[in-house]
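Participant: return atomic coordinates for the entry below.
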Amino acid sequence: MTQSNEIKHCLNCNVSENEIPLVNLNFAGRKEFICSRCLPILIHSPQKLVGKLDGADRIPSANH
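Facilitator: Modelled structure (predicted):
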């Protein structure tokens, strides 16, 4: 596996992997990254990611 030296950024807030941990996100055939601060948005309010993550409008919010 080839490693890329390209710096990764959060799809929501654009913070880099050098500033805060990023989580690898595979969705709809795409590889994205989301930071640990924005992960709750993906879980609880994915509609806020519309325009930033293709298909976010189809992701259901977590039911608690």
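Participant: what is the neighbour count of the residue lying closest to Ser61 once chain neighbours are set aside?
Facilitator: In space, and not counting its chain neighbours, Ser61 is closest to His44: 5.8 Å by Cβ to Cβ, 6 or more residues apart in numbering. C-beta here means a position set from N, CA and C on the backbone, and glycine is covered the same way. Neighbour count of His44, defined by other Cβ atoms under 10 Å: 11.
Participant: His44 reaches Ala62, doesn't it?
Facilitator: Yes. Look at His44 against Ala62 with Cβ atoms under 8 Å: they come within range, at 5.8 Å.
Participant: got the buried residues for stretch 22-34?
Facilitator: Leu22, Phe27, Glu32, Phe33, Ile34 (16 or more other Cβ atoms under 10 Å).
Participant: how close does the first one sit to Asp57?
Facilitator: According to Cβ to Cβ, to the nearest Å, Leu22 stands 23 Å off from Asp57.
Participant: any residues touching stretch 29-37, and which ones?
Facilitator: With contacts defined as Cβ atoms under 8 Å, 6 or more residues apart in numbering, stretch 29-37 is touched by 8-13, 15, 17, 20-26, 42, 53-54.
Participant: same thing but at 6 Å, please
Facilitator: Contacts of stretch 29-37 with the rest of the structure, by Cβ atoms under 6 Å, 6 or more residues apart in numbering, involve Lys8, Cys10, Leu11, Val15, Ile20, Pro21, Leu22, Val23, Leu25, Leu42.
Participant: got a markdown table for the residues you listed, with distance to Lys48, secondary structure and pLDDT too?
Facilitator: As requested, those are arranged in a markdown table below (distance: Cβ to Cβ, whole Å; DSSP: H, G, I helix; E, B strand; the rest coil; pLDDT from 0 to 100):
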| residue | distance to Lys48 | secondary structure | pLDDT |
| --- | --- | --- | --- |
| Lys8 | 21 | coil | 97 |
| Cys10 | 13 | coil | 98 |
| Leu11 | 12 | coil | 97 |
| Val15 | 16 | coil | 98 |
| Ile20 | 18 | coil | 97 |
| Pro21 | 20 | coil | 97 |
| Leu22 | 18 | strand | 98 |
| Val23 | 17 | strand | 97 |
| Leu25 | 15 | strand | 95 |
| Leu42 | 9 | helix | 96 |
